[in-house]
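**Q** pasting the structure only:
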């Protein structure tokens, strides 16, 4: 069977897709990763002759490099522009920018803070738009995290996941994923940095098994995976106050003692060692941090292959 893309798909939030669609992306990611490691990536070219623009409002290491390499290895040609060059929503309407960019390229990956503006761009673009990060969500990171968990531990559906520290865009994507995959998510944050009540309500209404509290030791009890992130993110102004309040949420060996023996620790990076996570954890046997960083490449290849019509069947990867 040959799969043809009948309409353009965007990858904006985990909540936009069914479990089956997300699983297909992950399976594609696993397949292209295995083929890359065994025979190279010459067979996997769903982006052949396609140009994908990467737009960055903020500096980036992992997102820029992983998408650049992923696009090239899928046969496409990446172009990079900065937010200063586009000035989204300033010199012209976002709708007009989306229409113009769609005439030049075959896809848009954008990393920006304003999620509403990203949605507006995707609405008016006639080519696929991928959320490389907003202040609201980080779905590409979530897909890399699940890929990493399943490689290191097993099926995500049976996982007991703990989030410790600040609530942010990555946590939002984990909350959305809990409603899709059915794993248990135990969240511990200070009261003033708790996750958005609306997204929690949506997730629970859609069957997510989520607990929310302020005690990090309770959250990590019997955890298969502990996740944390920087205490000060892009756009945060109150660095000293945040660091003081979040100090009890540091991921260290004392905290991990209540988790399962095989527990892994994830952090999307960059990490501030000695604050949200210790060197002993980052460089120790429980760390999956650098596997997780590598898997941004493979997860994003799976996402892009899916958006441009690739699917898996018993004969392997089928491209349109």
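**A** That came through, no problem. This one's a predicted model, so the numbers in the text were calculated from it and none came from an experiment.
**Q** switch to C-alpha atoms for all contacts and neighbour counts from now on
**A** Will do.
**Q** pLDDT of stretch 201-220, averaged?
**A** In this model, stretch 201-220 has an average pLDDT of 98.
**Q** buried residues in it, which are they?
**A** Neighbour-count burial for stretch 201-220, counted by 16 or more other C-alpha atoms under 10 Å, picks out 203-204, 208-210, 212, 214-220.
**Q** and for stretch 255-266?
**A** Buried residues in stretch 255-266, counted by 16+ other C-alpha under 10 Å: 255-256, 258-259, 263-266.
**Q** before we move on, what about stretch 140-156?
**A** Neighbour-count burial for stretch 140-156 [16+ other C-alpha under 10 Å]: 140-149, 156.
**Q** next, the distance between the ends of stretch 201-217.
**A** 24 Å (C-alpha to C-alpha, to the nearest Å).
**Q** which residues are contacting it?
**A** With contact meaning C-alpha atoms under 8 Å, 6 or more residues apart in numbering, stretch 201-217 is reached by 164-165, 175-176, 178-180, 182-191, 219, 248-249, 255, 258.
**Q** next step: those restricted to strands.
**A** Among those, the residues falling in strands (DSSP state E) are 164, 184-188.
**Q** ok, and what's touching the strand or helix carrying residue 162?
**A** Per DSSP states H and E, residue 162 falls inside strand 160-164. Identification of contacts with strand 160-164 by C-alpha under 8 Å, 6+ apart yields 171, 183-189, 216, 219-220, 222-228, 249-251.
**Q** and if you look at stretch 171-181?
**A** Contacts of stretch 171-181 (C-alpha under 8 Å, 6+ apart): 13-15, 18-19, 136-139, 142, 156-157, 163, 184-185, 195, 199-200, 203-204, 206-210.
**Q** off-centre distance for that stretch?
**A** 11 Å (C-alpha atoms, centre = their mean, to the nearest Å).
**Q** one more: stretch 92-112?
**A** 21 Å.
**Q** got it, and stretch 145-162?
**A** On C-alpha atoms, centre = their mean, the centre of stretch 145-162 falls 14 Å from the chain's centre.
**Q** use 217 as the first number from now on
**A** Taking 217 as the first residue, the last one we looked at is stretch 361-378.
**Q** can you give me the neighbour number for residue 453?
**A** Neighbour count for residue 453, taken as other C-alpha atoms under 10 Å: 10.
**Q** then the one 3 residues further on?
**A** By the other C-alpha under 10 Å criterion, the neighbourhood of residue 456 contains 9 residues.
**Q** hang on, the earlier thing: closest to residue 281 out of the ones in strands among the contacts of stretch 417-433?
**A** Checking the ones in strands among the contacts of stretch 417-433 against residue 281 with C-alpha to C-alpha, the nearest one is residue 380 at 27.6 Å.
**Q** the closest one and residue 490, how far apart?
**A** As for residue 380, its distance to residue 490 is 15 Å (criterion: C-alpha to C-alpha).
**Q** more neighbours, those two?
**A** A side-by-side neighbour count of residue 380 and residue 490, using other C-alpha under 10 Å, places residue 380 first with 28 against 13.
**Q** name whatever forms a beta bridge with that one.
**A** residue 404 (DSSP bridges).
**Q** measure it to residue 429 for me?
**A** With distances taken as C-alpha to C-alpha, residue 380 is found 10 Å from residue 429.
**Q** just residue 308 next, same as before
**A** Distance of residue 308 to residue 429, computed by C-alpha to C-alpha: 44 Å.
**Q** one step back: filter the contacts of stretch 417-433 to the buried ones?
**A** 380-381, 391-392, 394-396, 398-406, 435, 464-465, 471, 474.
**Q** got a list of what residue 479 touches?
**A** 439-442, 502.
**Q** which of the residues you listed lies closest to residue 457?
**A** Relative to residue 457, and with distances defined as C-alpha to C-alpha, the nearest of these is residue 442, at 23.9 Å.
**Q** quick check: the closest one touching residue 484?
**A** No - using C-alpha atoms under 8 Å, residue 442 makes no contact with residue 484, being 12.0 Å away.
**Q** which secondary structure elements does the lowest-mean-pLDDT helix or strand in the chain contact?
**A** Ranked by mean pLDDT, DSSP states H and E, the helix or strand of the chain with the weakest confidence is strand 532-534, at a mean of 78. If contacts are counted by 3 or more C-alpha pairs under 8 Å, 6 or more residues apart in numbering; DSSP states H and E, strand 532-534 sits against strand 527-529.
**Q** report all helices and strands that the strand it packs on contacts.
**A** On a contact count with 3+ C-alpha pairs under 8 Å, 6+ apart, strand 527-529 meets helix 235-255, strand 532-534.
**Q** mind doing that once more with 10 Å?
**A** Secondary-structure packing of strand 527-529 (3 or more C-alpha pairs under 10 Å, 6 or more residues apart in numbering; DSSP states H and E): helix 235-255, helix 505-523, strand 532-534.
**Q** still on that earlier bit, how about the buried residues of stretch 471-482, which pair is most distant?
**A** For the buried residues of stretch 471-482, and using C-alpha to C-alpha, no pair is farther apart than 474 and 482, which are 16.5 Å apart.
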